[in-house]
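In: coordinates only, sequence not included:
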């Protein structure tokens, strides 16, 4: 962005007819009563109730000392000063020249007219808008502001950039790179990528831009390492001798075998790393599985029952899991996606039921159901899961004895058929009775 230079000027400098300012003189300091500033023009003319005017500064100074008009001595407060609209309008109509008519700096305190300055003569009220658009305003050269100190008129900036400024950016005719004007000669003679130069190794004439590629890939005299350096050959030689070198030492058989052995070792290390990662992945999957189960348990309606104790070697958990809105569950849980019950605690062991409403893996059309045990020592468990039918004589019950280790689950892939008319999904819900020979009696409800 062009940085504008503000000119130092007064109303006396730009008024076309100096006699026109007489009615606007402050009766104390004899300067203009108008608050005339470069950035903003204020046309307020303040007067006492008898019509005597002074500039803003003199009014403030006078009333801070004595609250009276300096001309007629009438008692006057700052809040009682009023505007003289007639004088304000008259001032707006005065003719002035554009301040950009002057040179950028004063000479012996006086503004100096410039032949190349703005010729505009206009009313005071139009001056502020004109100054924002004036093509003759002074701006700092935008090219490398830390070096170029030129101050030029806005309408001369293009000429300055194209013909004068040493720091303007020019496009190289050969390589299209942007270069400062004062650097262009050096660029053309020694830096331009299109220059053709002699290779320092083989003396071939190569484009400067292609020289690095030439040395890395083509130059016959560039010294290179053996292709089998990784196998132990550390010799270096000109590229032109590569073929001859590779025939030495029985065609480098020893070094090639070293590389093969190294690759085998690296492959073994990669396999070990993969096995570690697979193990970590399984652990993470278990953790995710646990977290998902926890989340599911927070959205299910869980109602605990009294736990019955069998005494002796162990305790018994009995409860039920009611899953409501069955048609919605069928939509939300496609094949191989599980719905998990809330957790129920039996001693130090935590259990939950995992149900696949649309079956697991290849068992679409059936419900798959499993009992899972989480984070505990191996435990021998006798359990039964019973699907309640509208006709109690058709209840479907499975019983099994399993040893649960860590996070493993046990159950049935083909449990009951997923048919809405088979009596298991009364009132759009499924009820599962749970019996486990360990601790508490709970009821589990899913809405």
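Out: It's in. Nothing here was measured: the structure is a model prediction, and the numbers come from that model. Residues are numbered from 1 along each chain as shown.

In: what's the longest helix seen in the chain packed up against?
Out: Assignment by DSSP state H gives helix 248-299 as the longest helix of the chain. When contacts are defined as 3 or more CB pairs under 8 Å, 6 or more residues apart in numbering; DSSP states H and E, helix 248-299 sits against strand 339-340, strand 368-374. Heads up, the C-betas are built off the backbone N, CA and C, glycines and all.

In: Can you identify the element that follows the shortest one toward the C-terminus?
Out: It stands for strand 339-340. The C-terminal neighbour of strand 339-340 among helices and strands, as given by DSSP states H and E, is strand 344-346.

In: returning to that earlier point: figure out how far the longest helix of the chain is from the centre of its chain.
Out: 34 Å (CA atoms, centre = their mean, to the nearest Å).

In: now stretch 387-406
Out: Relative to its parent chain, stretch 387-406 has a centroid offset of 54 Å by CA atoms, centre = their mean.

In: what ranges of the stretch 301-447 of the chain fall below the confidence cut-off?
Out: Counting by pLDDT under 70, the stretch 301-447 of the chain shows low-confidence ranges at 301-314, 375-376, 406-407, 439-447.

In: What are the boundaries of the helices in it?
Out: 326-332 (DSSP state H, counting those that start in this stretch).

In: and the one helix or strand residue 13 maps to, what does it pack onto?
Out: Using DSSP H and E, residue 13 sits within helix 11-14. Secondary-structure packing of helix 11-14 (3+ CB pairs under 8 Å, 6+ apart): strand 95-97.

In: Tell me the strands beside the helix or strand following the strand it packs on, with direction?
Out: Next helix or strand after strand 95-97 toward the C-terminus (DSSP H and E): strand 121-123. When pairs are called by DSSP bridges, strand 121-123 turns out to pair with strand 95-97 (antiparallel).

In: buried ones in the partner strand?
Out: 96, 97 (16 or more other CB atoms under 10 Å).

In: Redo the helices and strands packed on helix 248-299 as JSON lines? Include distance to residue 205.
Out: Shown next, in JSON lines, are the helices and strands packed on helix 248-299 (distance: least, CB to CB, whole Å):
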{"stretch": "strand 339-340", "distance to residue 205": "76"}
{"stretch": "strand 368-374", "distance to residue 205": "76"}
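
In: where does the stretch 101-250 of the chain dip in pLDDT?
Out: Residues of the stretch 101-250 of the chain that meet the cut-off, pLDDT under 70, sit at 106-109.

In: pretty sure residue 184 contacts residue 174?
Out: No: using CB atoms under 8 Å, residue 184 makes no contact with residue 174, being 11.1 Å away.

In: Comparing these two, which residue is more hemmed in?
Out: Set residue 184 next to residue 174 and count neighbours by other CB atoms under 10 Å: residue 184 wins out with 18 against 12.

In: OK, contacts around that one?
Out: Residues near residue 184 by CB atoms under 8 Å, 6 or more residues apart in numbering: 170, 172.

In: again, only using 7 Å
Out: residue 170 (CB atoms under 7 Å, 6 or more residues apart in numbering).

In: Is it in a helix, a strand, or coil?
Out: helix (DSSP: H, G, I helix; E, B strand; the rest coil).

In: Give me the residues contacting stretch 396-407.
Out: For stretch 396-407, the external contacting residues (CB under 7 Å, 6+ apart) are 286, 289, 372-374, 378-387, 410, 412, 416.

In: One more: stretch 349-359?
Out: Contacts with stretch 349-359, where a contact means CB under 7 Å, 6+ apart, come from 293, 321, 329-330, 333-336, 338-344, 364-376, 379, 409, 418, 432, 434, 436, 438.

In: Just the buried residues out of those residues, in ChimeraX syntax.
Out: Typed into ChimeraX, the next command selects the buried ones out of the contacts of stretch 349-359 (criterion: 16+ other CB under 10 Å):
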select :293,321,329,338,339,340,341,342,343,344,366,367,368,369,370,371,372,373,374,376,379,409,418,432,434,436,438
